[in-house]
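Engineer: next come a sequence and a model predicted from it.
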Amino acid sequence: MLKLNYTDYGLFLEQVTTPLDAVATQRVMLAVTVGETLHLEPGRAAFLISVEIPGITRLTSMLETTVTDAIALTTVDDEFVEVSLKGTWIASSAHAESGTFITALEPESERLIYQLWQVTQR
């Protein structure tokens, strides 16, 4: 599972071995315990990666041979590609700018996307 945390300081992506439903359940139970409002909804999250990163062609090839709507690549300009993922948004309200986005993909896709994101952070 990939977990994207959107905060005031930016985006932090991590690969987590906990199943998606377990993470969502834990977050709901925490909100109930502390009396916090919680909003969950299906949606998409996106981030940019450079077209010059080694491995981007591997991701493109993988998506060409796999039928999925969970991952989409869109060319933004000559330098960047947008990676869009289908999953669940978890936040304090429907309009919150900070929150967590979780998605479960094929293990190979998750590893590759996580590796590409890590390269962009160096």
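Structural biologist: Arrived safely, thanks for sending. Numbers count the residues shown, from 1 in each chain.

Engineer: need the helix or strand of this structure with the lowest average pLDDT.
Structural biologist: Least confident helix or strand of the chain, by mean pLDDT, DSSP states H and E, is helix 56-65 with a mean of 89.

Engineer: count of residues packed around residue 97?
Structural biologist: 9 (other CB atoms under 10 Å). Heads up, the C-betas are built off the backbone N, CA and C, glycines and all.

Engineer: for it, what are its contacts?
Structural biologist: residue 6 (CB atoms under 8 Å, 6 or more residues apart in numbering).

Engineer: which stretches of the chain form strands?
Structural biologist: 2-7, 10-15, 39-50, 71-75, 80-91, 99-103 (DSSP state E).

Engineer: please identify the most buried of the ones you listed.
Structural biologist: strand 99-103 (a mean of 21; mean count of other CB atoms under 10 Å).
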